[in-house]
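K.L.:
With the sequence up front, the predicted model follows.
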Amino acid sequence: MKIEILSIQNLNSLSGKSEIHFNEKPFNSSGLFAITGPTGAGKSTIFDAICLALYGRTPRLKNPDEIMSRHSSECYTELTFSVNGKRFRSRWEQRRSRGQVDGKLQSSKMHIVDLNSENHKIIEDKKSVVPQLISHITGL
């Protein structure tokens, strides 16, 4: 599996929207790179975001409901990846009711899109099935 693009919105200390293009320089021109920064900068959140997008959970947090940035009403992580030349995009998202920062936390949602199809078809949107399908696709 090759990670291409990671998109994040309002996860832990990474409030607002962020994107990392692993398929562009400097990431694609080097076989090895490091993620560095001060405490609280979001280094671990990048790995949490990858795990959430793929499997709907993280090894670090027992409850993914705790990952939304404070004073936010929605969050998501979206991962574009390829396996054997085929591209997919997996997404995990969560919202608060009525789009209010004090709204009740709603259940998270997941889906996976086949980017090889002409209209980028969602191939699965059941939160309990998406991680299993990703495991089958990636072998991980």
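P.N.:
That came through, no problem. Numbers count the residues shown, from 1 in each chain.

K.L.:
from here on, contacts and neighbour counts on C-alpha atoms
P.N.:
Noted.

K.L.:
What's the first helix or strand after the longest helix anywhere in the chain?
P.N.:
As assigned by DSSP state H, the longest helix anywhere in the chain is helix 43-55. Next in sequence after helix 43-55, counting helices and strands by DSSP states H and E, comes strand 74-83.

K.L.:
Other residues contacting that next one?
P.N.:
For strand 74-83, the surrounding residues in contact (CA atoms under 8 Å, 6 or more residues apart in numbering) are 1-11, 49-50, 52-54, 68-69, 87-96, 99, 137-138.

K.L.:
Distance from it to the middle of the chain?
P.N.:
4 Å (CA atoms, centre = their mean, to the nearest Å).

K.L.:
for the record, mean pLDDT for that strand?
P.N.:
Taken as a whole, strand 74-83 has a mean pLDDT of 98.

K.L.:
In PyMOL, select just the buried ones from the contacts of strand 74-83.
P.N.:
Here is the PyMOL command that selects the buried residues among the contacts of strand 74-83 (16 or more other CA atoms under 10 Å):
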select buried, resi 3+4+5+6+7+8+9+10+11+49+50+52+53+54+68+69+87+88+89+90+91+92+93+94+95+96
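
K.L.:
That concludes my questions; thank you for your assistance.
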